[in-house]
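# give me the fold of what follows.
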Amino acid sequence: MRDANGETRRERNEAFELISPEAEVPEAGHALWDWFWDLRSAQASGFSGPAPLSHQEMLAWLQLTGNLLRREDVAVLKVMDGRYCQVVEEETEAIRAREA
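Modelled structure (predicted):
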C-alpha cells in the first residue's frame, strides 16, 4: 500500500535501512499462498481498504481456475484474508498518522 508520496512501507524501511521481514511459507503451504494472492489480485479495494473475500468470489475463482479446494483450504484462505485486511487497515492508520 502506497502513502501520499507513493511510497510503500518496504520502500520506506529500505530508505531508513530497516529490515522488512519476508513471509516464511512452509513448503506444504505454497499452493495456498499462491492461490491467496491470485484471489486477492482480482479483489477491488473499498473506500476504507480491502473488502474481505466473499464466498461468491471464491466460488467464481474456483470455477474460472479449475482449482479444487477442501473445506480446510477455504478456512485457511479466509483466515489469511482476515489477517491481510487487518494488516492493511493498520498500515492505513500508520500512514494517516505520519501524514497528520
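# I'd like the next helix or strand past the helix or strand of the chain with the lowest mean pLDDT.
Each helix and strand of the chain was given a mean pLDDT (mean pLDDT, DSSP states H and E); the minimum falls on strand 45-46 at a mean of 68. Downstream of strand 45-46, the next assigned helix or strand under DSSP states H and E is strand 49-50.
# packing partners for the next helix or strand after that next one?
With elements assigned by DSSP H and E, the helix or strand that comes after strand 49-50 is helix 55-65. Where contact means 3 or more Cβ pairs under 8 Å, 6 or more residues apart in numbering; DSSP states H and E, helix 55-65 is packed against helix 30-41. Bear in mind the C-beta positions are built from the backbone N, C-alpha and C, glycine included.
# got a list of what Gly6 touches?
Applying Cβ atoms under 8 Å, 6 or more residues apart in numbering, we find Gly6 in contact with no residue.
# next, the contact list for Trp33, please.
Per Cβ under 8 Å, 6+ apart, neighbours of Trp33: 23, 25.
# please state the offset of the strand or helix carrying Ala75 from the chain centre?
Assigned by DSSP H and E, Ala75 falls within helix 71-99. Using Cα atoms, centre = their mean, to the nearest Å, the mean C-alpha position of helix 71-99 is found 6 Å from that of the whole chain.
# on contacts alone, who are the packing partners of that helix?
helix 30-41, strand 49-50.
# quick one, which of these is packed in tightest?
strand 49-50 (a mean of 17; mean count of other Cβ atoms under 10 Å).
# Ala28 in helix, strand or coil?
helix (DSSP: H, G, I helix; E, B strand; the rest coil).
# so how far is Asn5 from it?
Look at Ala28 and Asn5: by Cβ to Cβ, to the nearest Å, they are 39 Å apart.
# tell me the mean pLDDT over stretch 78-91?
The average pLDDT within stretch 78-91 is 91.
# which residues sit against that stretch?
1, 9, 32, 36, 39-40, 48-53.
# please save the CA atoms from it in CSV.
Extracted C-alpha coordinates of stretch 78-91, given in CSV (Å, rounded to 0.1, in the frame of the first residue of the first chain):
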residue,chain,number,x,y,z
LYS,A,78,-10.4,-17.0,5.0
VAL,A,79,-8.0,-16.7,8.0
MET,A,80,-5.3,-15.4,5.7
ASP,A,81,-7.7,-12.9,4.2
GLY,A,82,-8.8,-11.7,7.6
ARG,A,83,-5.2,-11.1,8.7
TYR,A,84,-4.4,-9.4,5.4
CYS,A,85,-7.4,-7.0,5.8
GLN,A,86,-6.3,-6.3,9.4
VAL,A,87,-2.7,-5.5,8.4
VAL,A,88,-3.7,-3.3,5.6
GLU,A,89,-6.0,-1.4,8.0
GLU,A,90,-3.2,-1.0,10.5
GLU,A,91,-0.9,0.2,7.7
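# I appreciate the help and will end here.
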